[in-house]
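Colleague: this one's sequence-less:
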């Protein structure tokens, strides 16, 4: 199956928002598309982007995406690439696309002098975990927490 990995274009945003919803469902998370297209536009296409996005295209359709940011590791005292999302529609998995995505991410991380690439996946995503192990990634056991500022304000007052 032929496919192309390319930077996200503004015209991809409606499909990107839809794929985000599919990704959230795959990870058993809630998701609302409200306002996401505009917010993603600002994040990806700003003069100094806060989010980098690539899409996987096959037969003139966007079938997957991945996004990343650059962050800083205090312990390493160096930048790292944080892979925020990686999602492919089910019929495009196990075709070698994930390996190509990671090859590209390694190139981007190297060009940007990143110490490593970091990401997370739910523990139930065993198929992805097997893939990540095959590409040589090492897992660290940690729990991920998130705190919405509005909830924090209520908890502290």
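Modeller: Arrived safely, thanks for sending. Fair warning: this is a prediction, and the values are worked out from it, not measured in the lab.
Colleague: Which of the helices or strands spans the spatially most central residue of the chain?
Modeller: Nearest to the mean C-alpha position of the chain, by CA atoms, centre = their mean, lies residue 85 at 1.7 Å. Here residue 85 sits within strand 78-88, counting by DSSP states H and E.
Colleague: other SSEs contacting that strand?
Modeller: helix 13-26, strand 61-73, helix 97-111, strand 117-118 (3 or more CB pairs under 8 Å, 6 or more residues apart in numbering; DSSP states H and E). Every C-beta, even on glycine, is put in place using the N, C-alpha and C of the backbone.
Colleague: got the contact list for stretch 24-42?
Modeller: Contacts to stretch 24-42, defined as CB atoms under 8 Å, 6 or more residues apart in numbering, come from residues 10, 13-14, 16-18, 20-21, 23, 51, 53, 87, 121-122, 124-125.
Colleague: Now do the contacts for the residue nearest to the centre of the chain.
Modeller: 20, 23, 65, 66, 67.
Colleague: Please dump these into TSV; it should also carry neighbour count for every row.
Modeller: Below are those laid out as TSV (neighbours: other CB atoms under 10 Å):
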residue	neighbour count
20	20
23	18
65	23
66	23
67	21
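Colleague: can you name the two of these that are farthest apart?
Modeller: Of all pairs drawn from the contacts of residue 85, the one with the longest distance (CB to CB) is 20 and 66, at 11.6 Å.
Colleague: Report the set of residues contacting both of those two.
Modeller: Contacts common to residue 20 and residue 66, judged by CB under 8 Å, 6+ apart, are 85, 87.
Colleague: mind listing what's buried in stretch 44-55?
Modeller: Using 16 or more other CB atoms under 10 Å as the test for burial, stretch 44-55 gives 44, 51, 52, 53, 54, 55.
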